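Student: coords please:
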Amino acid sequence: MDRWVVGIDYGASKTGKGSFSLFLSSSNSPSCIIPSAIAYEDGGRVVSAWGHQAQSAVGSRPYTYTKLLVEPSRLVDPVRQAEHRRFLGSETSRLPRSKDCASVIGDYLHHVREAFARDMMHHYHTATLPPVDWWFTLPVTWNFDGEDVMQAAISKAGFYAREEDRVGYLSEAEAAMLAVIHDRGTVPHTGSVTVVCDMGSATTELACYRNDEDIPLTLRELVPFDGVMQGGF
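Tutor: Predicted coordinates for the structure are as follows:
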C-alpha cells in the first residue's frame, strides 16, 4: 500500500496542513487553515470545542496562542514584551489548571489527527488509513526543551500510536521552501540560490539554499538557519 505524506504546521494563531485539499473540509473547517484554539469544560478535563468552533461558540473562552507558552521566556526581546502582552491579554495566553502546555497542544492536535482520518476514510471509502509519514514544523528559535515539549504533545495526540506510521520534523523555513516548490510544480534550476523568509504569527525564520541537483531534488543549506521570536501579529 502506498504511503501518504502529510505536513502539519502548528502555528501560534493558526494551523495548516499540506498534501490533501479535503482535510477538515467536512467537519470543523471550511479550509485547510484552522485556528489553533481549543475550549474545555469541567475544569479542563473535557474538550468542548476546537478550531473554528472554539472561537465561534457562544460563551466559549478558548485557549489560544498556546505555542507561545512552550518557551515563554523566549517570547520576544525585552523591548517588545510589554507590547506583545497587551496584544495577547491575560485571558489569552493561559492554561487550564489541570493541564500543562504539552497536554493542551496534544489535545488540539489529537482532534486535528482524528478529523483528518475521518475525512480521508470517508472520501476514499476505506475503513483505515494507509501508512502515513507525518511531518511537523519546529521553530529554529526553540531550544531542546521547547522541542521536547512539542514532541511530547505530538505523542499525546496519538501520532506515534500506529507502528506503520512515521513522524518527522523540519524547520519552518524548510517547510516553506518545499511548499513553494510543490505549489509551483517546478524546482529552481540547478545552481540557483533561493532565500526564504517565513514569517508567522510569532516567529520569523530565514534560510538560504542552493539547488545542487534537480533529480533527485538536492537543496544545500548555504548558511545556518536563523530566526527570531517575533512575527506578524
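
Student: partners of the closest residue to L222 other than its chain neighbours in the sheet?
Tutor: For L222, ignoring the flanking residues on the chain, the nearest one in space by Cβ to Cβ, 6 or more residues apart in numbering is C208 at 4.5 Å. Heads up, the C-betas are built off the backbone N, CA and C, glycines and all. Applying DSSP bridges to C208 gives these bridge partners: V195.

Student: what does the one 10 residues further on give?
Tutor: Applying DSSP bridges to T218 gives these bridge partners: E213.

Student: distance of it from C208?
Tutor: 15 Å (Cβ to Cβ, to the nearest Å).

Student: Comparing these two, which residue is more hemmed in?
Tutor: Set T218 next to C208 and count neighbours by other Cβ atoms under 10 Å: C208 wins out with 16 against 13.

Student: Pretty sure the more buried one sits against D226.
Tutor: No. Counting by Cβ atoms under 8 Å, C208 sits too far from D226 to count as a contact (9.5 Å).

Student: What ranges does the chain have for its strands?
Tutor: Along the chain, counting by DSSP state E, strands occupy 4-10, 14-18, 33-35, 37-41, 46-50, 63-64, 132-138, 166-171, 193-199, 204-213, 218-221, 226-228.

Student: pLDDT of the last one, averaged?
Tutor: Translated: strand 226-228. Mean pLDDT, taken over the full extent of strand 226-228, equals 77.

Student: Now do it: everything it contacts.
Tutor: If you take Cβ atoms under 8 Å, 6 or more residues apart in numbering as the criterion, strand 226-228 is touched by 77, 139-141, 172-173, 203-207.

Student: same thing but at 6 Å, please
Tutor: 140-141, 203-206 (Cβ atoms under 6 Å, 6 or more residues apart in numbering).

Student: Excluding chain neighbours, give the residue nearest to I105 in space.
Tutor: With Cβ to Cβ, 6+ apart as the measure, A153 is the residue that lies nearest to I105, at 3.8 Å, once sequence neighbours are left out.

Student: In contact with that neighbour, which residues?
Tutor: With contacts defined as Cβ under 6 Å, 6+ apart, A153 is in contact with 102, 105-106.

Student: For D183, see how far away the spatially closest residue to E71 that is not a sequence neighbour is.
Tutor: With Cβ to Cβ, 6+ apart as the measure, G146 is the residue that lies nearest to E71, at 4.4 Å, once sequence neighbours are left out. Applying Cβ to Cβ, the value for G146 to D183 is 29 Å.

Student: same thing with E163?
Tutor: Here the distance between E163 and D183 works out to 32 Å (Cβ to Cβ).

Student: One more: G168?
Tutor: In this structure, G168 lies at 20 Å from D183, with Cβ to Cβ as the measure.

Student: ditto for R45
Tutor: With the distance defined as Cβ to Cβ, R45 ends up 41 Å from D183.

Student: cool, and T126?
Tutor: With the distance defined as Cβ to Cβ, T126 ends up 27 Å from D183.

Student: List the buried residues for stretch 120-131?
Tutor: Judged by neighbour count (16 or more other Cβ atoms under 10 Å), stretch 120-131 contains these buried residues: 120, 129.

Student: Tell me if I'm right that L138 and Y169 touch.
Tutor: Yes. Judged on Cβ atoms under 6 Å, L138 makes contact with Y169 at a distance of 5.2 Å.

Student: more crowded one of the two?
Tutor: Just comparing L138 and Y169: by other Cβ under 10 Å the higher neighbour count belongs to L138, 19 against 15.
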